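A.B. asks: Sequence and predicted structure below; questions after.
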Amino acid sequence: MATFALIIDGKRVETAEHFEVRNPSTGAVVGLAPKATRGDLEAAIAAAQAAFPAWSQRTHTERQALCHAVADKIGEHAEELARLLTSEQGKPLNGMGSRFEVGGAQAWAHYTAQLELPVKVIQDNNEGRIELHRKPIGVVASITPWNFPMAIAIWHIMPALLAGNTVVSKPSPYTPLTTLRMVELVNEVLPPGVLNVIAGEDFLGAALSSHPAVGKVVFTGSTGTGKKIFSGAAETMKRLTLELGGNDAGIVLPDVDPQQIAEGLFWSAFINNGQTCAALKRLYVHDSIYDAVCTHLTNYAKNIPVGDGLTETNVLGPVQNRMQFNKIVDLVAAAKAGGGRVLMGGETPAGDSLFYPITLIADLDNGNRLVDEEQFGPVLPIIRYTDLEEVIAKANDNPNGLGGSVWSKDIQKARAIAQRLECGTAWVNKHAAIQPNVPFGGVKNSGLGVEFSDEGLHENTNIQVLYS
Ligand code: NAD
């Protein structure tokens with residue numbers, strides 16, 4: 001069994017203690033992850049600090065070339081990383097699983113590598129010249145969750161590095177191995193100390209996000225942890241990008257063809273087994289087509305192959321961990337107790353299995369916990385509506401504001417409704433689609449700031465204005 005190490009200052013650092021990472025499909029131990037101490041954390045931050053002057057003083061073109069080399073390194077090891085990701089996360093190799101995630105991470109890295117940070121001339125006349133420069137912040141701490149460990153690590157790391165920062169990455173204790181291996185690989189092309197990784201218990205996240213030597217925290221995870229980071233970062237006024245939880249609503253208008261949209265609705269909700277921040281998590285369907293949408297969605301869902309992700313034919317896997325599994329069980333119980341009609345699934349598997357079945361529950365409404373709270377698993381509540389104003393109000397009646405969608409043949413009407421949703425991204429006839437050239441972020445409790453594109457890159461910089 002493989003034993004993984006921290007990567008600090010370009011070197012493997014073995015720890016005295018380790019913890020087991022288990023395959024959620026089988027329960028088998030995938031590898032031993034290093035358990036970093038407070039001393040290891042200090043060493044990682046010190047290495048990042050030491051590497052910062054030289055890295056930040058390289059030209060943008062040099063950093064672009066090294067960022068492309070990082071992307072190439074990921075590409076060379078794509079299959080190895082995908083298999084490791086499936087083994088520790090549970091998502092299948094195929095479908096929108098590990099190969100898709102690793103390929104996406106590589107593409108994202110290449111895209112980010114070619115972004116520019118030009119000096120903006122604000123004024124240049126007889127009264128003088130005023131320029132806006134974007135300077136690196138310093139040491140960036142990246143803290144990631146367990147649902148897309150590889151992609152999210154890359155989303156954090158690449159713009160931070162390109163802008164001239166150095167990074168300490170901390171993956172989730174549920175899924176640390178792919179990040180540890182990826183950082184080890186890309187350290188073959190990066191100068192020592194520019195990208196470091198530590199793994200271990202949750203205290204590391206709190207220590208990183210309040211550490212005086214860290215200039216910025218980029219965090220993806222739950223809203224509860226995001227709030228703790230927000231307050232921990234206050235003392236030293238850190239820059240923050242917080243990508244937090246979502247409870248995205250989808251509104252289906254009466255003019256759709258229920259059969260035609262069933263596939264799109266299904267994958268909007270069940271991408272990565274529902275363990276996706278911007279998945280469709282509450283589906284509001286007009287009364288006139290409610291039963292037809294329920295029927296076609298159920299028929300589509302029945303044919304999805306679920307199982308061990310290393311089996312090539314499967315496209316959905318287990319819930320990643322027991323903590324999340326128990327949350328799902330609890331929310332489904334609340335849905336049943338509140339009069340929810342189970343269209344499929346809804347039964348807790350026996351024994352130690354983490355394979356919660358694909359579950360569709362009809363006849364719920366706002367006020368039921370499965371509608372109001374983020375389920376983050378393979379369960380979708382379907383809510384009946386008749387009045388458009390009322391359904392828009394219900395969609396917005398939630399503390400989260402990550403994404404939302406409207407489904408209709410009338411694109412103009414759907415666009416107008418989508419713009420009334422209180423969320424960072426609104427889609428028409430799709431959901432959860434993201435691109436590296438489009439900013440992504442939440443409003444309300446779903447976060448602060450954006451990632452991707454020029455806007456995301458800018459969040460890794462401080463502005464300095466130069467009057468001359
Ligand atoms: P989590 O908040 O439990 O953990 C995320 C990370 O924070 C882990 O690395 C964890 O070790 C670390 N951590 C724990 N306590 C900490 C503390 N006090 N200070 C700093 N770091 C700490 O989240 P999770 O369960 O891993 O992820 C699921 C959540 O992430 C869901 O709510 C989901 O919606 C959200 N998410 C959001 C996005 C987005 O882009 N908005 C993307 C993916 C996931």
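C.D. replies: Noted; the coordinates are in hand. Treat the numbers as computed from the prediction; the structure is a model and nothing was measured.

A.B. asks: how about V256, what does it touch?
C.D. replies: 289, 293, 407-409 (Cβ atoms under 8 Å, 6 or more residues apart in numbering). Quick note: C-beta positions are derived from backbone N, CA and C, even for glycine.

A.B. asks: Please apply the same query to N445.
C.D. replies: 223, 244-245, 399-401.

A.B. asks: Pipe those residues into CSV and attach secondary structure and neighbour count per row.
C.D. replies: Below are the contacts of N445 laid out as CSV (DSSP: H, G, I helix; E, B strand; the rest coil; neighbours: other Cβ atoms under 10 Å):
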residue, secondary structure, neighbour count
T223, helix, 19
L244, coil, 28
G245, coil, 23
P399, coil, 12
N400, strand, 26
G401, strand, 23
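
A.B. asks: The ligand: which of these is nearest?
C.D. replies: Nearest to the ligand, judged by Cβ to the nearest ligand atom, of those is G245 at 3.2 Å.

A.B. asks: hang on, the closest one packs against T223?
C.D. replies: Yes - using Cβ atoms under 8 Å, G245 is in contact with T223, at 4.4 Å.

A.B. asks: Spit out the residues that contact those two alike.
C.D. replies: Residues touching both G245 and T223 (Cβ under 8 Å, 6+ apart) are 400, 445-446.

A.B. asks: hmm, back to that, which of the contacts of N445 are close to the ligand?
C.D. replies: 244-245 (Cβ under 6 Å from any ligand atom).

A.B. asks: Go ahead and list the helix or strand containing the residue of the stretch 151-300 of the chain found nearest the ligand.
C.D. replies: Residue of the stretch 151-300 of the chain nearest the ligand, by Cβ to the nearest ligand atom: G205 (2.1 Å). Per DSSP states H and E, G205 falls inside helix 203-209.

A.B. asks: got a list of contacts for that helix?
C.D. replies: Here helix 203-209 has contacts from 36, 38, 41, 45, 141, 143, 168, 170, 198, 214, 217, 219, 225, 228-229, 232-233, 238, using Cβ under 8 Å, 6+ apart.

A.B. asks: which bits of the stretch 201-350 of the chain sit near the ligand?
C.D. replies: Counting by Cβ under 6 Å from any ligand atom, the residues of the stretch 201-350 of the chain near the ligand are 202, 205-206, 209, 220-222, 225, 228-229, 243-246, 277.

A.B. asks: now do the stretch 1-150 of the chain
C.D. replies: Close to the ligand, as judged by Cβ under 6 Å from any ligand atom, the stretch 1-150 of the chain has residues 143-147.

A.B. asks: Kindly indicate which of the residues you listed lies nearest Y111.
C.D. replies: T144 (19.2 Å; Cβ to Cβ).

A.B. asks: wait, that closest one sits on I154?
C.D. replies: No - applying Cβ under 8 Å, one finds T144 not in contact with I154, separated by 9.7 Å.

A.B. asks: Which of the contacts of helix 203-209 fall in strands?
C.D. replies: Within those, residues falling in strands by DSSP state E are 141, 143, 168, 170, 214, 217, 219.

A.B. asks: Out of those, grab the one that's most surrounded.
C.D. replies: Using other Cβ atoms under 10 Å as the neighbour test, those are led by A141, with 32 neighbours.

A.B. asks: Now list the buried members of the residues of the stretch 201-350 of the chain next to the ligand.
C.D. replies: 205, 209, 220-221, 225, 229, 243-246, 277 (16 or more other Cβ atoms under 10 Å).

A.B. asks: which two from those residues end up farthest apart in space?
C.D. replies: The farthest-apart pair in these, when distances are taken by Cβ to Cβ, is S209 and G246, at 21.1 Å.

A.B. asks: Would you mind checking the residues of the stretch 1-150 of the chain next to the ligand for buried ones?
C.D. replies: For those, buried by 16+ other Cβ under 10 Å: 143-147.

A.B. asks: Nearest to E131 among the residues you listed?
C.D. replies: Nearest to E131 among these is I143, at 33.7 Å by Cβ to Cβ.

A.B. asks: Next one: the closest one from A107, what distance?
C.D. replies: Distance, I143 to A107, by Cβ to Cβ, to the nearest Å: 23 Å.

A.B. asks: report the longest helix in the protein, please.
C.D. replies: Ordering each helix of the chain by length in residues (DSSP state H) puts helix 38-57 first.

A.B. asks: who does the helix or strand containing D291 touch, helix- and strand-wise?
C.D. replies: In the assignment (DSSP H and E), D291 maps to helix 290-302. Packed against helix 290-302, as judged by 3 or more Cβ pairs under 8 Å, 6 or more residues apart in numbering; DSSP states H and E, are the following elements: helix 258-270, strand 341-344, strand 359-364, strand 379-385.

A.B. asks: hmm, who's touching that helix?
C.D. replies: 252, 256, 258-259, 261-263, 265-266, 270, 285, 343-344, 358, 360, 362, 382, 384.

A.B. asks: ok, now stretch 425-438?
C.D. replies: 107-108, 111-112, 248, 250, 261, 264, 268-269, 271, 276, 278-280, 402-408, 411, 414-415, 418-419, 440, 452-453.

A.B. asks: same thing but 7 Å
C.D. replies: 108, 111-112, 248, 250, 264, 268, 271, 276, 278-280, 403-407, 411, 414-415, 418-419, 440, 452-453 (Cβ atoms under 7 Å, 6 or more residues apart in numbering).

A.B. asks: Tell me which residues of that stretch come out buried.
C.D. replies: Per 16+ other Cβ under 10 Å, stretch 425-438 contains these buried residues: 425-429, 431-432, 434, 436.

A.B. asks: Check whether it comes close enough to the ligand to count as a contact.
C.D. replies: No - Stretch 425-438 is not in contact with the ligand by Cβ under 6 Å from any ligand atom; minimum separation 8.9 Å.

A.B. asks: Format the CA atom coordinates belonging to that stretch as PDB.
C.D. replies: Output in PDB follows, covering the C-alpha atoms of stretch 425-438 (Å, rounded to 0.1, in the frame of the first residue of the first chain):
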ATOM      1  CA  THR A 425     -24.900  32.100 -12.100                       C
ATOM      2  CA  ALA A 426     -28.200  31.700 -13.800                       C
ATOM      3  CA  TRP A 427     -28.700  29.200 -16.600                       C
ATOM      4  CA  VAL A 428     -31.400  28.600 -19.200                       C
ATOM      5  CA  ASN A 429     -32.200  25.000 -20.100                       C
ATOM      6  CA  LYS A 430     -29.100  23.800 -18.300                       C
ATOM      7  CA  HIS A 431     -27.500  23.900 -14.900                       C
ATOM      8  CA  ALA A 432     -24.000  23.500 -13.300                       C
ATOM      9  CA  ALA A 433     -22.200  24.300 -16.500                       C
ATOM     10  CA  ILE A 434     -18.900  26.200 -15.900                       C
ATOM     11  CA  GLN A 435     -16.000  27.400 -18.100                       C
ATOM     12  CA  PRO A 436     -12.500  28.700 -17.400                       C
ATOM     13  CA  ASN A 437     -13.200  31.900 -19.200                       C
ATOM     14  CA  VAL A 438     -16.400  32.800 -17.200                       C
END
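
A.B. asks: Just checking the distance from it to the centre of its chain.
C.D. replies: Taking Cα atoms, centre = their mean, to the nearest Å, the mean C-alpha location of stretch 425-438 is offset from the chain mean by 14 Å.

A.B. asks: so how many other residues sit close to V189?
C.D. replies: Close neighbours of V189, defined as other Cβ under 10 Å, add up to 16.

A.B. asks: Much appreciated, bye for now.
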